[in-house]
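> Please find the sequence and the predicted model below.
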Amino acid sequence: MDEPHYPEVFYMLKTPKVSAVRIAVLAALGSMSVVTHAQTTQLERIEVTGSSIRRIAAEGSIPVQTLTSADIAKTGATSVSELIQKLPAMQGFSVTTTAVGTNSGGFTSASIHDIGEEYTLTLLNGRRVAPTGSGSAVNLNSIPMSAIERVEIVTDGASALYGSDAIAGVVNFILKRNLQGGNVEARYDMPSGGGQSWNASAVWGIGNLDTDRFNIMLSYRHDEQKRLLATDRDFAKSAFVRFENGGKEYFYNRGAPHAVPANASIALKDTKGGTYDGQYTAFNPEYEKTGKCAPKHELYIQANTLANGKDAQCYFDFASTLEIFPESKRDSFFTNVNFMLTPKARLFADYAYSKYDLTAVIAPNAVNIPIATNSAQFATFIQPYLGTIPVANVSSVTATYRMMDFGGRTSRTLTESNHFVAGAEVDIGEWSASGGFTYSKNEVDEQYINGYSKRTETNALLSSGALNPFALAGGQSAETMGKIRDSIFNGSVRSESTELTGADLRASGPVFKVAGGDAMLGVGVDVRNYHYKQVPTDAGKVSTFLFNFAAIPAFDLERKTAGAFSELIVPITKALEVSGAFRYDTISATTNKASGATVGEDLSATTYKLSAKYQPMRQLMFRGSYGTGFKAPSMLAIARPQTPSGVTSNPYTCPFPGTEFCKPGRAQYQRLSEGNALLQPEKSTQFSFGLRFEPNAAFSAGMDYWNIEMKDQVTSVSEALGFGDPKTYADLFTTFTDPGDGKKYYAYKLASINIGQSKTSGVDWDFTTRFNTDFGRWTNSIAGTYLIESSYTRPGTRDKFETSLDKFGINNAVSFRNIFRVTSSMQTGAFQNTLSMNYRSGYTDMPRSDVIDVAASAAAKRPILANVTLQVPAYYTFDWQTQYDWNKALNIKFGVKNLWDKAPPLSLRTGGSHHVGYDPRYTDSLGRTFYLSAGYKF
């Protein structure tokens, strides 16, 4: 099979100074034919991610992991996010499934070493891409996968070269260039029930830079993903979880109090008929009438009744109505035009376009409907079940209603990305220079297409009594159902865009000679302008158009950045090389373009990185680095006014029981986000050291220890922490008028503060062996990341540290101690078979105090709550792929992902998404998936 022209990759395989993942992926996946080509390929100077200097040697003093297009094909990944997020060094990223219950639109990201997506810089051909939102995280869905030539990942801080948001490292997607001929490919993926997908792509290049002085490359790919329902998978099908732990049976009711037929929450006056004193009674009229809850509901009895009445409600199984993997379509296009103006000067232009169309369905709307005490509904559904409570003691009645007859809330998010770069590269003597102009824009259009109703029409149904919240699902009259259909809104509620406009100039070359060779200098400058804008439509800008809807705020924010850097690499001897990089960044205050006001202040900082590598012999290399970084807060973190940002992810009891603004029982409260104009930049210090050892062609190994500390991190006090200790965080509670019933309730403020600290350290490691056997070339590798420390200050404190290492932390996330990937590949003639294992260590789950002890409750004839903390076991999956090269033009691949159909382990966590019973961020929702692909070169 013909190999593409990758001079730098050939050299990486030929040199003994080869890095961990280069060996683990390139060699382990069977690219041994590349070595043969390497012996005759002329080496050329290239620019490798992690350095500004163009040179032959790809391996420097900081670790760079590299994946080629051939390696990508062998992983079986169908998307850029799947490819990147499977790497052991990646933790803490966003996944597609978080679109279930959020307005993320299927946003996916990269996050190196669990430091965070906002601290991992994503580049396209070495240049920045417009982020999503007002921060710096880039949506991986905007990267054209079929056009990728290779991916380079710097797993060490790189702020000194690339800018303030590269504290964790860099992921650089390098796209194809100077391609001749073409390739078409199609693939179909079939999981075990639901969630099928397919894609087709074509890549074509004409012209040869070496002979024709020009090259034009075109790439197009179309992807389609079918939805996967929660009911298609046993581990996700219900919010009512029955399980065993320690020999006991437990019941976890994660259902929601908004039900159909509705529950009734009755606020009471005190026994003397005076003002409201916080007492309530709650029940489900359907249960009171029939002795059972409706289908998809479970009885929930409050263990400690707060009133002299009932507290037995029917909780709704919202999880059974979810899509756990949303439906999507994606089109991506990339073109690259290159022209050799002279043998030493190249002009180029890149244009990448992607459109991502995602539709996500969550549970029907949950609303609070006031019931008048003089209404027929009160007389029919409330009064008969008040027991000994006099009607005169009823202050108000609220029906907590699930709008099942209106349909599941369905949102469609269209994300369009445009990325254009034009520039030139020129060699002047021994120096190389390049410069370019970048315009990049990411746009989001969020639409509601079902399940959301218009306020006027819905209020008319309620006020007339035509809509009965105490009726069974499907129990409304035919006339009422017709009016419900007429009330459904279908249209856009907001658009969001982030624009990046920038220019850069770089140069590198030798400056003086030392014993080890030429000392190389790299210098560069860049300027950028960021413009973030959110525009609500007429339907979204007010809370009076849609029912139970909080108005979407408008934002129009802008700021400018500029930076200059220099890098010097000095080969002291043939064995010892040292380098230093320095960068100065200035970031302007945020401008509110709508008002013309300036928020915050100008920020600036100088960062540096010192590194060295020592190679006492051909088979052994040592390297190390020390550096600093800083990151400016996002524009919204600085300039956002107090605005609604959804409801709490978990129901809570009232933070201040007995006061006016409580909700009855356990309920979800409104969240409010707000910025802070006084925020300062986050700062970091980091160091690393490692070694590479390759005694012969059959064995190689390596490790890199890294350590990063951050201070002045922008953070907020999590809802779990605030509701868990409301006295300490009382200033974070305010009130908010519910758009459904018009009453004021408590709300929780997620306010940005500048006091966080974190400490993270670990080791990236790998081992690779290669053997010639009677069956063919056998390559085995294991590569992983081992976390040693992952701690952070408790939100709201400066010096009280928490950790999420090996446990579900107060940040609603897990930092995994051990992640690794094992690969075994056998190349036999035209066949190549690869078996891979993906491993993620176990952890301690979120502690729960709201789990019912089944046996104890049955004996006591009342709910007995227990404290339960699960141990989530290690999660591992196996993947298989067989590739057959029919001839030099045609290849066929058959594979199975998650070969043994490993289901996600039980987790009782909340936060991160609407999924119940497992954590989709860390596991495979699709299950065993067969795939078949065919590619043809011409």
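Yes, it's here.

> What segments of the stretch 451-600 of the chain are strands?
Secondary structure of the stretch 451-600 of the chain, counting by DSSP state E, counting those that start in this stretch: strands at 491-514, 517-536, 555-571, 576-587, 590-592, 598-599.

> Please save the CA atoms from the helix or strand following the shortest one in CSV.
Next along the chain after strand 598-599, taking DSSP states H and E as the criterion, comes strand 603-617. Output of strand 603-617 as CSV, limited to C-alpha atoms (Å, rounded to 0.1, in the frame of the first residue of the first chain):
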residue,chain,number,x,y,z
LEU,A,603,-4.6,42.7,31.5
SER,A,604,-1.0,41.9,30.6
ALA,A,605,1.6,39.4,31.6
THR,A,606,5.0,37.9,30.6
THR,A,607,5.3,34.1,30.6
TYR,A,608,8.3,31.9,30.0
LYS,A,609,9.4,28.3,29.5
LEU,A,610,12.8,26.8,30.1
SER,A,611,13.5,23.3,28.8
ALA,A,612,16.4,21.0,28.1
LYS,A,613,17.0,17.5,26.6
TYR,A,614,20.1,15.4,27.2
GLN,A,615,21.0,12.3,25.1
PRO,A,616,24.1,10.6,26.5
MET,A,617,23.7,7.8,24.0
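
> how about the strands of the stretch 151-300 of the chain, start to end?
So, for the stretch 151-300 of the chain - with DSSP E, counting those that start in this stretch - the strands run 169-175, 181-191, 197-206, 214-225, 228-229, 240-245, 248-253, 263-269, 276-283, 297-301.

> among these, which is the most enclosed?
Neighbour counts (mean count of other CB atoms under 10 Å) averaged over each of the strands of the stretch 151-300 of the chain peak at strand 169-175, with a mean of 26. Heads up, the C-betas are built off the backbone N, CA and C, glycines and all.

> got a list of contacts for that strand?
49-50, 80, 84, 110, 112-113, 120-126, 143-144, 147-158, 162, 219, 334, 336, 350, 352 (CB atoms under 8 Å, 6 or more residues apart in numbering).

> wait, which of the strands of the stretch 151-300 of the chain is closest to Ala503?
strand 169-175 (18.9 Å; CB to CB).

> just the CA coordinates of that closest one, formatted as CSV?
These are the backbone C-alpha positions of strand 169-175, laid out as CSV (Å, rounded to 0.1, in the frame of the first residue of the first chain):
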residue,chain,number,x,y,z
GLY,A,169,-1.2,22.2,26.3
VAL,A,170,-2.1,22.2,22.6
VAL,A,171,-4.0,20.1,20.2
ASN,A,172,-3.0,20.9,16.6
PHE,A,173,-4.9,19.5,13.7
ILE,A,174,-2.8,19.6,10.6
LEU,A,175,-4.7,19.1,7.3
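
> and the angle for that strand with strand 214-225?
Interaxial angle, strand 169-175 versus strand 214-225 (axes from the mean of the first three to the mean of the last three CA atoms, to 10 degrees): 110 degrees.

> quick one: strands adjacent to strand 169-175?
Looking at strand 169-175 with DSSP bridges, its partner strands are strand 120-124 (parallel), strand 148-154 (antiparallel).

> next structured bit after the first one?
Helices and strands here follow DSSP H and E; after strand 120-124, the next one along the chain is strand 127-128.

> So for that following strand, mean pLDDT?
Here strand 127-128 scores 94 as its mean pLDDT.

> now stretch 67-80
Averaging pLDDT along stretch 67-80 gives 85.

> again with stretch 652-659
Rounded mean pLDDT across stretch 652-659 is 87.

> what about that stretch, start to end distance?
Start and end residues of stretch 652-659 are separated by 15 Å (CA to CA, to the nearest Å).

> Show me what counts as buried in it.
652-655 (16 or more other CB atoms under 10 Å).
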